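Q: fold the following.
(2 chains)
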Amino acid sequence: RKEVEQDPGPFNVPEGATVAFNCTYSNSASQSFFWYRQDCRKEPKLLMSVYSSGNEDGRFTAQLNRASQYISLLIRDSKLSDSATYLCVVNSVKYGQNFVFGPGTRLSVLP
Amino acid sequence: DGGITQSPKYLFRKEGQNVTLSCEQNLNHDAMYWYRQDPGQGLRLIYYSQIVNDFQKGDIAEGYSVSREKKESFPLTVTSAQKNPTAFYLCASRQRTDSNQPQHFGDGTRLSIL
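A: So this is what the prediction gives:
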């Protein structure tokens, strides 16, 4: 089983829609969780950290469920500019607490 | 302006040639990383360094080498032993390996075979 798995996608949604991505991780000892966004042919950029109590940043909401070992990202009122690949990131004990990146979920927001 | 600088943006390698990708950061971060990304794929860890003069292999270190002689610099050499080097190479840094701080990335180097 891979350390971090994500919804395979792609997700094609109309502008204004609400979309949710899920991510599961295998290591129950993981402590740090993030969502990154990667535009086509660009570097990943931090979207938001994920905290135990859940957190929100504008239209974006991240949730963590430690018991089930999954993380979610909810995007409300989707914009065309939200089109990108969303990467789930979890720290790993395999490489001294370094991060493991999920394969990503591609989102296309359509006009 | 603090950040991570990778150069060159595009690089072409001839058969049997070694090439070196540069990564410099002025964020005063202890930890630095090299990843490889193939089209439509996720990031795979090549090497990482938690401190100057120390580095560790990641998942796909074969055919690559690194050095960490200075805190701000972590160059990656793609050797002739790497038979399929065409990919997008990303350098990242982080304050410390054991911190909860996220990684920050340079804007990458695209390597192709001539």
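Q: spell out which residues of chain A are next to chain B.
A: By the rule C-beta under 8 Å from any C-beta of the partner chain, the part of chain A lying against chain B is A:31-32, A:34, A:41-46, A:49, A:87, A:89, A:95-99, A:101-104. Every residue, glycine included, has its C-beta placed from N, CA and C.
Q: now list the buried members of these.
A: A:32, A:34, A:43-44, A:46, A:49, A:87, A:89, A:95, A:97-99, A:101-104 (16 or more other C-beta atoms under 10 Å in any protein chain shown).
Q: so which of the residues you listed sits lowest on pLDDT?
A: Note: of those, the lowest pLDDT belongs to residue A:95, at 65.
Q: now name the helix or strand holding the spatially most central residue of chain B.
A: By C-alpha atoms, centre = their mean, chain B has its centre lying nearest to residue B:34, at 2.9 Å. Assigned by DSSP states H and E, residue B:34 falls within strand B:31-37.
Q: walk me through which strands that strand pairs with, and which way each runs.
A: Sheet partners assigned to strand B:31-37 using DSSP bridges are listed as strand B:43-51 (antiparallel), strand B:87-94 (antiparallel).
Q: confirm for me that the residue nearest to the centre of chain B is in contact with residue B:66.
A: Yes. Residue B:34 is in contact with residue B:66 according to C-beta atoms under 8 Å; the separation is 6.6 Å.
Q: what residues do those two have in common as contacts?
A: Residues touching both residue B:34 and residue B:66 (C-beta atoms under 8 Å, 6 or more residues apart in numbering or on different chains) are B:46, B:47, B:74, B:76.
Q: neighbours of the nearest residue to the third one once chain neighbours are set aside, how many?
A: The shortest distance from residue B:74 to any residue that is not its chain neighbour, by C-beta to C-beta, 6 or more residues apart in numbering or on different chains, is 4.0 Å, and that residue is residue B:32. Residues lying near residue B:32 (other C-beta atoms under 10 Å in any protein chain shown) number 28.
Q: thinking again about what came up before, closest to residue B:59 out of the buried ones among the residues of chain A next to chain B?
A: Nearest to residue B:59 among these is residue A:95, at 8.5 Å by C-beta to C-beta.
Q: low pLDDT regions in chain A?
A: A:94-97 (pLDDT under 70).
Q: quick one: the strands in it, in order.
A: For chain A, the strands defined by DSSP state E cover A:4-6, A:11-14, A:19-25, A:33-38, A:44-49, A:55-57, A:60-65, A:70-75, A:84-91, A:99-101, A:105-110.
Q: residue B:62: which of those is closest?
A: For those, proximity to residue B:62 was assessed by C-beta to C-beta; strand A:99-101 is nearest, at 19.4 Å.
Q: what is the closest one packed up against?
A: Of the remaining helices and strands, those touching strand A:99-101 by 3 or more C-beta pairs under 8 Å, 6 or more residues apart in numbering or on different chains; DSSP states H and E are strand A:84-91.
Q: how far does the strand it packs on sit from the chain's center?
A: On the basis of C-alpha atoms, centre = their mean, to the nearest Å, strand A:84-91 sits 4 Å off its chain's mean C-alpha point.
Q: good, we can wrap up now.
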